[in-house]
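> requesting a structural model of the entry that follows:
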Amino acid sequence: MTLPPPPDFGPRGAQPDTDLTQPVPADWLDGPHTDTGAPFEADAFDEPASGARGVMIALAVGSLIAVAIGVYGGLHEGTGQALNLAGFSSGLHAKVWLGSVAFALAIVQVLSALAMWGRLPGVKGGGRGVAILHRWSGRVAVLVSLPVAAHCLYALGFQAFDTRVLVHSLLGCFFYGLFVFKMLVLTRHDSPGWTLPVAGGVLFTALTGLWVTSSMWFFSEFGVSF
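You can find the predicted model right below:
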């Protein structure tokens, strides 16, 4: 019996028209697998090791980014003002509101990801609309967060005069380091299936901590104002 030739995916491991902004395909969770009808290829056993190396490299780069942000924030003397947007009475007001928008978009990210994975109760599958919502909510959240990060670094710097401020500063460095890590593993087809869900969950947890120690604290202390 003649076995049909394996499908041609181009270069080894490449997948056609892969949307790198989506959660990993469900079959990634089963780990690397091979077609038992295909000829034996020793290189197939190199894929898990290659994926692990890629994760470690991405983790190292993300860690360096987090440390670099912390060092800059510690050495830089805060100016007290860096963000001035129309409609807000101060840069701090703009910071807490933009941070709240980013947090709300992160919630949309989590819910849309759960829908696409079929893990959202009452929702059967995601569909193209949910995929587009997931992709653009993430992009807008990152764009909204950048002025907040710039204000924190340039106007305030890395501060530690009380527990809340220290936790907020540490979470800010950790968040952007982890974000870089996630973006790097997102582009690798051989990353372990658990990598993106875990990174996304930890990223959302870090952002929740940032919002609680900044925006929520500000609103509770000074009221909801612009």
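> helices of the chain, start to end?
46-75, 91-116, 127-151, 163-186, 195-211, 217-222 (DSSP state H).
> spatially, what comes nearest to the residue nearest in space to the middle of the chain if we skip its sequence neighbours?
Closest residue to the average C-alpha location of the chain: F179 at 4.3 Å, with CA atoms, centre = their mean. Distances taken as CB to CB, 6 or more residues apart in numbering put L203 closest to F179, at 6.4 Å, once the chain neighbours are dropped. To be clear about C-beta, it is placed using only N, CA and C from the backbone, and glycine gets the same treatment.
> picking up where we left off before, let's have the helices of the chain in TSV, adding distance to G157 and mean pLDDT.
Listed next are these as TSV, based on distance: least, CB to CB, whole Å; pLDDT from 0 to 100:
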stretch	distance to G157	mean pLDDT
helix 46-75	5	85
helix 91-116	14	88
helix 127-151	11	86
helix 163-186	8	91
helix 195-211	16	90
helix 217-222	18	88
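> returning to that earlier point: return the distance of the residue nearest to the centre of the chain relative to E77.
26 Å (CB to CB, to the nearest Å).
> re earlier: list the contacts of the residue nearest to the centre of the chain.
Taking CB atoms under 8 Å, 6 or more residues apart in numbering, we find F179 in contact with G62, V142, L203.
> do V180 as well
Residues near V180 by CB under 8 Å, 6+ apart: A58, V61, G62, I65.
> how about JSON lines for these, with neighbour count and distance to G51 added?
What follows is the contacts of V180, written out as JSON lines (neighbours: other CB atoms under 10 Å; distance: CB to CB, whole Å):
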{"residue": "A58", "neighbour count": "22", "distance to G51": "11"}
{"residue": "V61", "neighbour count": "15", "distance to G51": "16"}
{"residue": "G62", "neighbour count": "22", "distance to G51": "16"}
{"residue": "I65", "neighbour count": "17", "distance to G51": "21"}
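> between these, which sits nearest A160?
I65 (20.0 Å; CB to CB).
> follow-up on the earlier one: can you get me a residue count around the residue nearest to F179?
Other residues near L203 come to 20 when the count uses other CB atoms under 10 Å.
> again with the one 5 residues further on
Neighbouring residues of T208 were enumerated by other CB under 10 Å; the total is 15.
> cheers, nothing more for now.
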